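*Asks:* Pasted the sequence and its predicted model underneath.
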Amino acid sequence: MKKLTQKIISAFLLSALLLSLAPALPASAKAPLQATGNPLAGVKIGIDAGHQGKGNYGKEPNAPGSSVMKTKVSSGTQGRFTRVPEYEVNLAVALLLEEKLTALGAEVVMTRRTNDIDITNVERTLLINDAGVDLSIKIHADGSENPDVNGAWMLIPTNSITADINEQSKAAAEIILAEFVAETGAKNRGLQPRTDITGFNWSTVPVVLIEMGYMTNETEDRLLATDEYREKCAQGLANGVLAWVGPQIIEDPIDAFSDVSASAWFAPYIIWAAETAVVTGFPDGTFHPNSTMTRAEFVQVLHSLAGKPSVGKKTDFADVQDSDWFASAVYWAAENSVTAGTGDGRFNPAGAVTREEAVTFLLRFAKLKGDNRDFSATQLNFSDTDSISPWAYIAVQWGVGSGVVGGYPDGTFLPQRTATRAEVVTILHGYVN
């Protein structure tokens, strides 16, 4: 991957969606992501709007030199309720994203601008490779046999033949997905590593694939058919590219992390986290305050707060292996009823932790540590109280009643909103202190 810092010739400022779990968060922290000048000057982005109007069901190699053959390109799924085809949604968002990135100074390479085209997955990937882009973004929507399944997620390459781009792709996916769900309000379903996607296996540049939502879910199907929501999807992706290009330019960074301003509302909490090692930063000296925290990371933090006790019994989660870095923390959490998984025999370690999940985990941890205070009489007067999941209601009452968490200046709680690293540190500080 090219060194973007050598290519960016215009500095930029990002004002991220900093939404605190703490009651004292000022309303100004909810300002949307903005940029000045041409922050993406010198950056080249490839955009591939998934599928096309008419599928080409011939076969092509799944990877260079592979004997495994896959369909060249399909026409995708379609809305179960709107009957709008996926290829139409993908292209509409792709064209909006091109417009936004170009306005920010980026050079954009498109694989298609019309639905009436025949270009295979290999041909799309080679076109992007030959253009020498810094990042390839594949735009898709999803479908499921279960109409209740909803949310957005990112697919990333993990094949051995893509080893040179795997980590870079993952880093980009985490950042872009966080911005996408922040803009759209979609559920963050996390990242899914894949080895079977033709467009990944032929890629020589970092690549991510966004599944913007489920066209088999009535709410998301109808949203994806609207110009307003497509605009949000494109804006979320553009915000993600901005955030991915480089760390925020900080004029007054704290000593511990170069990407945390001393004047940021969350600075005192992150300083506390650094001093106590409750939550650590990254090897490059950054903290990524606006990135989401996964369920595995959150449970790992609680395990550390508990003193990293040994595990007496391992719990069988289909998506947790003994060799995983977070395995001991998850086993400990399950053994001590801090978590019971997602109810389907899985833990979903890569899923971004939501606000209601975070406060539920913390309540169970507090009970484990002997905190038996009863806040069941606490009145929740948020405008979206009805959207709090039944299993999380008592936990939110506890969090609000104890003063550990609060709502937003507009009167919402946003229980399904994913929590950023800065927010998690803030809620942990509130609990510990």
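*Replies:* It's in.
*Asks:* Every contact and neighbour count from this point should use C-alpha atoms.
*Replies:* Will do.
*Asks:* Could you chop the protein up by domain?
*Replies:* What automatic domain parsing lists as the domains of the chain is 40-245, 267-432.
*Asks:* mind checking how far Ala49 is from Lys100?
*Replies:* 15 Å (Cα to Cα, to the nearest Å).
*Asks:* quick one: which of the two has more around it?
*Replies:* Remark: of Ala49 and Lys100, Ala49 carries more neighbours, 28 against 18, as counted by other Cα atoms under 10 Å.
*Asks:* rank the domains of the chain by pLDDT, which is bottom?
*Replies:* Comparing mean pLDDT across the domains of the chain, the weakest is domain 267-432, with a mean of 88.
*Asks:* Can you get me the start-to-end distance on it?
*Replies:* Length of domain 267-432, first residue to last, Cα to Cα: 17 Å.
*Asks:* wait, Thr198 sits on Ala63?
*Replies:* Yes: with contacts counted by Cα atoms under 8 Å, Thr198 reaches Ala63, the gap being 6.1 Å.
*Asks:* the helices in the stretch 201-350 of the chain, which residues?
*Replies:* Using DSSP state H, counting those that start in this stretch, the helices of the stretch 201-350 of the chain run over residues 218-224, 227-245, 267-276, 295-305, 327-335.
*Asks:* Now do the fourth one: which elements does it pack against?
*Replies:* So that's helix 295-305. Contacts defined by 3 or more Cα pairs under 8 Å, 6 or more residues apart in numbering; DSSP states H and E place helix 295-305 against helix 327-335, helix 355-368.
*Asks:* which parts of the last one are buried?
*Replies:* It refers to helix 355-368. Arg355, Glu356, Glu357, Ala358, Val359, Thr360, Phe361, Leu362, Leu363, Arg364, Phe365, Ala366 (16 or more other Cα atoms under 10 Å).
*Asks:* The stretch 1-150 of the chain: helices as residue ranges?
*Replies:* 4-7, 86-103, 121-131.
*Asks:* any chance of those helices in JSON lines, with distance to Asp259 too?
*Replies:* Converted to JSON lines, those look like this (distance: least, Cα to Cα, whole Å):
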{"stretch": "helix 4-7", "distance to Asp259": "15"}
{"stretch": "helix 86-103", "distance to Asp259": "23"}
{"stretch": "helix 121-131", "distance to Asp259": "31"}
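*Asks:* Out of those helices, indicate the one that is most buried.
*Replies:* Mean neighbour count (mean count of other Cα atoms under 10 Å) peaks for helix 86-103 among these, with a mean of 22.
*Asks:* which residues are in contact with it?
*Replies:* The set of residues external to helix 86-103 that reach it, using Cα atoms under 8 Å, 6 or more residues apart in numbering, is 38, 40, 47-53, 75-79, 107-108, 110, 112-115, 139-141, 215, 224-225, 230-231, 233-235, 237-238.
*Asks:* Let's see which of these end up in strands.
*Replies:* By the criterion of DSSP state E, membership of those in strands covers Ile47, Asp48, Ala49, Glu107, Val108, Met110, Ile139, His140, Ala141.
*Asks:* Taking the residues you listed together, which two end up most distant?
*Replies:* Pairwise distances among those were taken by Cα to Cα; the largest, 24.6 Å, belongs to Glu107 and Ala141.
*Asks:* Gln416: neighbouring residues, count only.
*Replies:* Gln416: 18 surrounding residues under other Cα under 10 Å.
*Asks:* Quick one: residues contacting the closest residue to it other than its chain neighbours.
*Replies:* In this structure, Gln416 finds its nearest non-sequential neighbour in Thr354, 5.3 Å apart by Cα to Cα, 6 or more residues apart in numbering. By Cα under 8 Å, 6+ apart, the contact set of Thr354 is Pro415, Gln416, Arg417, Thr418, Ala419.
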